[in-house]
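**Student:** Okay, predicted coordinates and the sequence, questions at the end:
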Amino acid sequence: MSETTQVPQRAFGSVAVAMVTPFHEGGALDIDSAVALANKLVDDGCDAILLSGTTGESPTTHQPEKDELVREVKKSLGNRAMVIAGAGSNDTAHAVRVAQGALESGADGLLVVAPYYNRPSQEGVYQHILAVTQATDLPVMIYDIPGRTGVKLELDTLKRLAEHPRILAVKDATGDVADGFVKMDVTGLEYYSGDDALNFAWLAHGASGVVSVAGHIIAKQLRALVTEVDAGDLPAARAEAARQRPVIQAIMGGGQGAVMAKEALKLAGVLPSATLRLPLVGASKGQIAELAQVLRHNGLM
């Protein structure tokens, strides 16, 4: 590592995967596959696993399922990796209950997204995130994804939230690295890339890590990317990011992330089923064929 390289603080690890929630073909939760997948991801280099995020189909899984998922994955992983639980809802009382269930089930941290669809004011967003944070003693990562929520977290709101001792980080999926760089500097919050196409850009700007969807398939390569950035070897990191680009595009560019990640895992022989819950539906035959071609070309099948 060069003398001028400074490794960032990492309250939530450096390589996390926003894990899909496996289902049996009939639609029931497949805990055995979930536990096996979480262990494989850690074996491949992840030091954090996010359960019941959007990629985990959190809008269509119920709290007892979310709690069982956290409980069984954490029991299997032990201290090998941090287990972060999504506590997202546009109903603050519901989000509080989900957060409390995650704590009781053994989660190590929470991901709290801005309320979606009802589009509250910045004060409403602040009060919502604060209420969920105060419901447990777990560390919190805020999720800023205005493309899904319809509400972007403004700098002043983040500054207020950063005053809370357990709000430590932001998963940023705004697509605006330059704005995030300013927010990171002003608030002192850790930042995590929430957009696989921008992982290298975020890391080069001082982000603590990534919360990835493509990492279902390329966790080893993401670990290499983080290691190279930490070492100050940006040319090597840039080359690694370029190698990852076709896989990221195949999973994130042509369809919905949860859909394509499940299809990729099935093609790779990791999941027995790519079953989803409505309103998500499976990828088309053409999308699956294109995905298979990319995975095969990159030695991932």
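**Tutor:** Thanks, I have it. Source: prediction; values computed, not measured.
**Student:** how distant is the one helix or strand residue 184 maps to from the center of its chain?
**Tutor:** Following DSSP states H and E, one finds residue 184 within helix 177-187. The chain centroid and the centroid of helix 177-187 are separated by 19 Å, computed with Cα atoms, centre = their mean, to the nearest Å.
**Student:** which residues touch that helix?
**Tutor:** The contact list for helix 177-187 (Cβ atoms under 8 Å, 6 or more residues apart in numbering) reads 155, 158-159, 162, 170, 172, 174, 189-191, 198, 201-202, 205-207. Heads up, the C-betas are built off the backbone N, CA and C, glycines and all.
**Student:** Could I get the average pLDDT for that helix?
**Tutor:** For helix 177-187, the mean pLDDT works out to 96.
**Student:** before we move on, what about stretch 88-95?
**Tutor:** The model assigns stretch 88-95 a mean pLDDT of 97.
**Student:** How about stretch 264-282?
**Tutor:** The model assigns stretch 264-282 a mean pLDDT of 97.
**Student:** And it, what's buried?
**Tutor:** Of the residues in stretch 264-282, 264, 265, 266, 267, 270, 271, 273, 274, 275, 276, 282 count as buried by neighbour count, 16 or more other Cβ atoms under 10 Å.
**Student:** now swap in stretch 136-143 and tell me
**Tutor:** For stretch 136-143, burial by neighbour count (16+ other Cβ under 10 Å) applies to 136, 138, 139, 140, 141, 142, 143.
**Student:** Let me know the closest of the contacts of helix 177-187 to residue 148.
**Tutor:** residue 174 (10.9 Å; Cβ to Cβ).
**Student:** Next up, phi/psi of that closest one, please.
**Tutor:** phi -80, psi -20 (degrees, to the nearest 10).
**Student:** Surely it and residue 142 touch.
**Tutor:** No - taking contacts as Cβ atoms under 8 Å, residue 174 lies outside contact range of residue 142: 11.8 Å.
**Student:** Can you list the buried residues in stretch 144-163?
**Tutor:** Neighbour-count burial for stretch 144-163 [16+ other Cβ under 10 Å]: 144, 145, 149, 151, 152, 153, 157, 158, 160, 161, 162.
**Student:** can you list those in a markdown table and add pLDDT?
**Tutor:** Below are the buried residues of stretch 144-163 laid out as a markdown table (pLDDT from 0 to 100):
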| residue | pLDDT |
| --- | --- |
| 144 | 97 |
| 145 | 95 |
| 149 | 93 |
| 151 | 94 |
| 152 | 93 |
| 153 | 97 |
| 157 | 98 |
| 158 | 98 |
| 160 | 98 |
| 161 | 98 |
| 162 | 98 |
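**Student:** Sort out for me which of those residues are in helices.
**Tutor:** Residues of the buried residues of stretch 144-163 located in helices (DSSP state H): 149, 157, 158, 160, 161.
**Student:** And the furthest pair within these?
**Tutor:** 149 and 160 (18.0 Å).
**Student:** Let me see the ranges of the helices in the stretch 1-150 of the chain.
**Tutor:** 31-43, 63-77, 92-105, 122-134, 146-149 (DSSP state H, counting those that start in this stretch).
**Student:** and the buried residues of stretch 144-163 as a markdown table, adding distance to residue 14?
**Tutor:** Below are these laid out as a markdown table (distance: Cβ to Cβ, whole Å):
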| residue | distance to residue 14 |
| --- | --- |
| 144 | 19 |
| 145 | 20 |
| 149 | 25 |
| 151 | 28 |
| 152 | 25 |
| 153 | 22 |
| 157 | 26 |
| 158 | 21 |
| 160 | 27 |
| 161 | 22 |
| 162 | 21 |
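**Student:** between the residues you listed, which is closest to residue 94?
**Tutor:** For the buried residues of stretch 144-163, the residue nearest residue 94 by Cβ to Cβ is residue 149; the value is 15.4 Å.
**Student:** Tabulate the helices of the stretch 1-150 of the chain (CSV), appending distance to residue 52.
**Tutor:** Below are the helices of the stretch 1-150 of the chain laid out as CSV (distance: least, Cβ to Cβ, whole Å):
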stretch, distance to residue 52
helix 31-43, 11
helix 63-77, 5
helix 92-105, 8
helix 122-134, 14
helix 146-149, 15
